[in-house]
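Visitor: sequence plus the predicted model coming up.
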Amino acid sequence: MKFTSRNECANCSVKCDVFTSVADQPEILAALKPLHAHFKKHDLICRQGTKVTHALLLMTGSAKLFIEGLNNRNIILYILKPPAYIGLLCFFNTPVYSYSVAAIEDSSVCFIELYVVKKLYIQNHELLLTLNDAFGKSVSRIMGKVISLNQKQIRGRFAENLIYLSECNGSLKFNLKLTRKEIGEMIAISEENAVRLFTEFSKEQIIRTNGKEIEILNLPLLMKISEVG
């Protein structure tokens, strides 16, 4: 992680909800004093069990939000794409992070003092609604993950995950930035099983793999496998 000097929000290329909610209030903008940090691939942005001190916004790159389990067995809950709130699930009166976030690629993150954002959250109705909406979507993703892990078989979870990654990249053909181990962590299987499923789905001509490049060849069938679990 490498911190840069404090930045003026008005000069930032990413106009986040915090900025837009107080854009016409220069005295509050001056109090924000955001700090930008740059993270390399695999760097931890926040660590499970550590104190929450800032509101974090992913500005560039991508990251994974995951739970650190026993015996080094992690579960990736979802992928963060910018602009995305990183610490939002712990914003509501939680003193420590209940999860970890790590960069999938070189990424930049904006740090804003947590007390400033909490004050704005109470005072600014527009920001309150926006953060509540983002919080609700985060909880919905996690609930969907719990249902998938509990009720779907391995092939169904794998198919669902491929569809999810395709949607994250906005294309049926995309470069996979995650390792096979991380793919396994997204659906609670071993790295070996993840490799086996890639091979199976390729042989069945549902997908095509070429190194890191993945192409979905039969989306209707993939959706059906995901649906039936």
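Guide: Here it is on my side, so go on. Residues are numbered from 1 along each chain as shown.

Visitor: ok, now which ones touch residue 155?
Guide: Counting by CB atoms under 8 Å, 6 or more residues apart in numbering, residue 155 touches 197, 200, 225. No exception for glycine: its C-beta is placed from N, CA and C like everyone else's.

Visitor: at 7 Å what do you get?
Guide: Contacts for residue 155 (CB atoms under 7 Å, 6 or more residues apart in numbering) come out as 197, 225.

Visitor: do you know how far it is from residue 198?
Guide: Residue 155 is 12 Å from residue 198, where distance means CB to CB, to the nearest Å.

Visitor: just the residues contacting stretch 194-210, thanks.
Guide: Residues outside stretch 194-210 that contact it (CB under 7 Å, 6+ apart): 154-155, 158, 162, 180, 183-184, 214-218, 221-222.

Visitor: looking at the protein, which helix is longest?
Guide: helix 125-151 (DSSP state H).

Visitor: in that helix, which residues are buried?
Guide: Of all the residues in helix 125-151, those buried under the rule 16 or more other CB atoms under 10 Å are 127, 130, 131, 134, 138, 142, 145, 148.

Visitor: and of the contacts of stretch 194-210, the nearest to residue 85?
Guide: The closest of these to residue 85 turns out to be residue 183 (CB to CB; 24.6 Å).

Visitor: which residues touch stretch 55-71?
Guide: Under CB under 7 Å, 6+ apart, the answer for stretch 55-71 is 14, 16, 45-46, 48, 74-87, 91, 99-112, 114, 117, 177, 182, 185.

Visitor: tally of neighbours for residue 70?
Guide: Neighbourhood size, residue 70 [other CB atoms under 10 Å]: 5.

Visitor: quick one, strands of the chain?
Guide: Per DSSP state E, the chain carries strands over the ranges 2-6, 35-39, 44-46, 54-60, 63-68, 74-80, 84-85, 100-103, 107-113, 173-175, 207-210, 213-216.

Visitor: turn the buried residues of helix 125-151 into TSV, including pLDDT and distance to residue 191.
Guide: As requested, the buried residues of helix 125-151 are exported to TSV (pLDDT from 0 to 100; distance: CB to CB, whole Å):
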residue	pLDDT	distance to residue 191
127	85	42
130	87	38
131	87	36
134	87	32
138	89	27
142	91	23
145	93	19
148	93	19
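
Visitor: same list, the residues you listed, but as JSON lines with distance to residue 58 please.
Guide: Formatted as JSON lines, these follow (distance: CB to CB, whole Å):
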{"residue": "127", "distance to residue 58": "18"}
{"residue": "130", "distance to residue 58": "16"}
{"residue": "131", "distance to residue 58": "15"}
{"residue": "134", "distance to residue 58": "12"}
{"residue": "138", "distance to residue 58": "13"}
{"residue": "142", "distance to residue 58": "17"}
{"residue": "145", "distance to residue 58": "19"}
{"residue": "148", "distance to residue 58": "24"}
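
Visitor: ok, the closest residue to residue 228 other than its chain neighbours - contacts?
Guide: Here the nearest residue to residue 228 in space, its sequence neighbours aside, is residue 156; by CB to CB, 6 or more residues apart in numbering that works out to 6.5 Å. Applying CB under 7 Å, 6+ apart to residue 156 gives the contacts 225, 226, 228, 229.
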